[in-house]
Structure formats: C-alpha cells, structure tokens
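Asks: Just need the structure, nothing else, for what follows:
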Amino acid sequence: MINPAALDAAAPRSAAGCELMDRGFTILRGAAPASLVARVTEDLAPRYAATPFCEGGFYGERTKRFGRLLIRSAHMADLVMNSAILDLAELALGNWCERIQLNLAQAIELHPGALAQFPHRDQDMWQGALGEVEYLVNVMWPLTSFTEANGATLIWPHSHGVEAFVEEPKEAPIVTAAEPGDAIVFLGSTLHGAGQNRSAEVRRGIIVSYCLGWLKPYENQWLAYPPEIAKDFPPDLAALAGYAQHRPNLGNFEGQCPSVLFGGYPEEPLAAIDALRPDQATLLADHVAGQRRSGEGALAA
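Replies: Alright, predicted model coming up:
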C-alpha cells in the first residue's frame with residue numbers, strides 16, 4: 001500500500017480528486033464492473049433476508065444494516081481495495097496520518113416507507129478539531145439503482161471543511177442517482193443523509209469507508225476479523241483492516257505488529273520492537289549515538 005505520509009501535496013490531482021476536495025464529493029461512474037457488484041449482491045442476499053430492521057431514528061426503522069462484509073462475500077475485497085478509491089482516500093487523508101485504515105464495510109437496505117435520514121457529518125463520531133483535518137472518506141456502492149424516488153443518498157455540495165461550522169448549508173442537496181458499479185465518494189466532513197424511499201422498491205447499497213490510521217474506527221476490525229480470519233487476507237487487506245502498526249508503535253500487540261498473531265498466540269514472551277517513522281528513527285539514532293560517544297569519552301578519561 002502507498003504510504004500516505006509520503007505523498008506530495010503538490011502532486012497533480014485527478015479530476016475526481018479535484019472534485020472531491022473542492023465540492024466534498026465525487027461520483028466515479030463505472031468504478032467497478034457491474035458483474036463484480038452482482039456477485040457481491042448475490043452473496044449478501046441471505047444476510048439481507050435474515051437481518052432485522054434497525055431500531056432508532058438515526059439508523060432508520062425501515063432500514064436494515066449489517067457489517068463484517070469481508071467475511072460475507074469473497075468479492076468484497078475487490079471493492080475495499082479498489083485502487084482508484086484508495087488513491088482518493090490517500091489524497092484526502094494522507095496529510096494527517098502515517099497510514100489509512102478501514103473504518104467500516106456495511107450493507108444497507110432501505111425499504112419502502114423509510115423516512116429521510118437526519119442530515120449529518122460522519123466526522124462527528126470523533127471529537128477532534130474541525131475545519132482543518134479530514135478524518136474520513138466514505139464510499140457508497142449501489143447494489144440497486146439509486147434514484148430520487150427510492151431514497152438515493154442526498155449530499156450537500158461545498159458543505160465540507162470549514163463549512164462544517166456553518167449551521168445552514170449554502171447550497172441545496174443533490175440526489176446522487178447512480179447505478180451498480182458506480183461509486184459515490186464523499187468526505188467525512190460533508191453533510192449528507194439517505195433520502196426518503198417513496199417507491200415500492202427496496203434500495204440496497206454498501207458503504208465502505210476509510211479513516212485516519214490513528215483513530216478508533218466505527219467498526220471494531222479486530223473483532224469483526226479476528227486473527228484466525230484475517231490471516232487468510234492478502235497482506236495489504238489485512239494491514240488495512242488493522243493488522244499493521246501506525247507508526248510510532250500504535251496498535252501493537254506485546255510491542256510487535258499485531259500480524260504476529262497470524263501464527264497463533266505466542267507461547268513465549270515477545271521482545272518489543274520499535275516501529276518508528278523514518279524521521280523518528282533518524283532522531284533516535286542520533287540520540288543513541290551521542291550517548292555512546294559520551295560514554296566512550298568518559299571511559300577514555
């Protein structure tokens with residue numbers, strides 16, 4: 001995976017990247033093959049049928065939701081690791097973390113009669129500084145057609161960043177009409193919400209989101225994908241799901257990368273191993289070398 005901290009902020013942006021950072025959202029048409037989305041839809045169908053409706057006004061009492069999608073469809077990894085999407089996530093988040101992580105992978109089913117969702121910003125999960133840092137990038141993957149009638153996601157353009165301080169958005173919301181294979185990408189600071197389903201259709205979609213690697217994610221990845229499951233993920237996917245340290249030393253197990261658990265829980269004690277950024281490693285090396293030189297000088301005297 002590309003190290004977001006190494007990205008050049010002045011590097012040329014794609015048209016989608018420019019739109020995401022300027023308007024707070026972008027829609028990638030045909031971001032994934034419709035055939036891939038169809039296979040995911042087929043895999044998730046039994047779980048949709050078995051899942052009860054949500055409780056509470058925010059989640060929606062005519063809405064179904066469930067997570068852990070990487071174990072519910074073998075094809076989900078292709079959506080989560082979509083290179084164009086990861087590029088956008090790294091563009092938006094790379095200035096604020098050493099690596100990004102998977103925040104959640106959740107399926108949503110909006111039934112006829114579902115009310116419009118309360119407009120919100122997903123960054124409000126965290127009580128960090130607003131207006132400067134982006135904490136999150138969301139990607140909505142439609143599994144059915146998204147239309148105004150069946151409750152397509154509503155997004156308020158230019159409502160992100162410092163505009164999060166503004167009580168009333170300056171622009172009216174747009175309906176993100178989209179088809180399976182399209183990807184609706186928006187920032188965690190962008191005001192949005194599901195529309196009202198006034199149709200006789202069920203609207204299905206998947207939300208995949210990525211956040212700063214030092215945040216607590218919405219979905220507890222280590223419980224969703226414990227080591228005995230994550231050990232079979234491709235290395236980049238396992239790292240994205242939390243089996244990598246965010247340097248310096250954050251998210252370790254006994255002072256080592258949590259991927260050490262892919263071989264089972266160790267029977268013997270482990271030695272803690274530094275996991276530092278290059279700049280920190282350089283400062284530490286100078287610090288250690290200086291002390292050693294001082295010690296050698298004292299012995300010589």
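Asks: average pLDDT for stretch 269-276?
Replies: The average of the pLDDT scores along stretch 269-276 is 95.
Asks: Give me the buried positions along that stretch.
Replies: Of the residues in stretch 269-276, those with enough neighbours to count as buried (16 or more other CB atoms under 10 Å) are Ala275. C-beta coordinates here come from the backbone N, C-alpha and C atoms, glycine included.
Asks: Okay, now the unreliable bits of the protein?
Replies: In the predicted model of the chain, residues 1-12, 297-301 satisfy pLDDT under 70.
Asks: which stretches of it form strands?
Replies: Counting by DSSP state E, the chain has these strands, from start to end: 25-28, 63-66, 100-110, 136-142, 154-155, 174-175, 183-187, 192-193, 203-212.
Asks: could you dump these to a markdown table with mean neighbour count and distance to Asp124?
Replies: Converted to a markdown table, those look like this (neighbours: other CB atoms under 10 Å; distance: least, CB to CB, whole Å):
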| stretch | mean neighbour count | distance to Asp124 |
| --- | --- | --- |
| strand 25-28 | 21 | 17 |
| strand 63-66 | 19 | 18 |
| strand 100-110 | 24 | 14 |
| strand 136-142 | 25 | 10 |
| strand 154-155 | 22 | 16 |
| strand 174-175 | 16 | 21 |
| strand 183-187 | 26 | 13 |
| strand 192-193 | 22 | 12 |
| strand 203-212 | 24 | 13 |
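Asks: Nearest to the spatial middle of the protein, which residue is it?
Replies: Nearest to the mean C-alpha position of the chain, by CA atoms, centre = their mean, lies Tyr210 at 1.3 Å.
Asks: Quick check: Val202 touching Leu143?
Replies: No - the pair formed by Val202 and Leu143 falls short of the contact definition of CB atoms under 8 Å, at 9.8 Å.
Asks: Compare those two (neighbour count), which wins?
Replies: Neighbour comparison, Val202 and Leu143: the larger count goes to Leu143, with 22 against 18 (by other CB atoms under 10 Å).
Asks: what about the more buried one, distance to Met76?
Replies: Here the criterion is CB to CB, to the nearest Å. By it, Leu143 lies 12 Å from Met76.
Asks: what do the two both touch?
Replies: Val40, Ile206 (CB atoms under 8 Å, 6 or more residues apart in numbering).
Asks: so Glu254 touches Glu268, yeah?
Replies: No - if you go by CB under 8 Å, Glu254 and Glu268 don't touch, sitting 10.6 Å apart.
Asks: the more surrounded of the two?
Replies: Summary of the neighbour comparison: Glu254 and Glu268, criterion other CB under 10 Å, with Glu254 having more neighbours (14 against 4).
Asks: Pull the contacting residues for the residue nearest to Ile174 when sequence neighbours are not counted.
Replies: The spatial neighbour of Ile174 that comes closest, neighbours along the chain excluded (CB to CB, 6 or more residues apart in numbering), is Ile155 at 5.8 Å. Contact analysis of Ile155 by CB under 8 Å, 6+ apart lists Gly24, Phe25, Pro173, Ile174, Thr176, Ile184, Phe186, Thr190, Leu191, His192.
Asks: isn't the third one right up against Trp156?
Replies: Yes - A contact is recorded between Pro173 and Trp156 when judged using CB under 8 Å, the distance being 4.9 Å.
Asks: Mutual contacts of these two, please.
Replies: The overlap between the contact sets of Pro173 and Trp156 (CB under 8 Å, 6+ apart) consists of Pro119, Leu191, His192.
Asks: any idea how far the first one is from Phe53?
Replies: This means Pro119. Distance of Pro119 to Phe53, computed by CB to CB: 21 Å.
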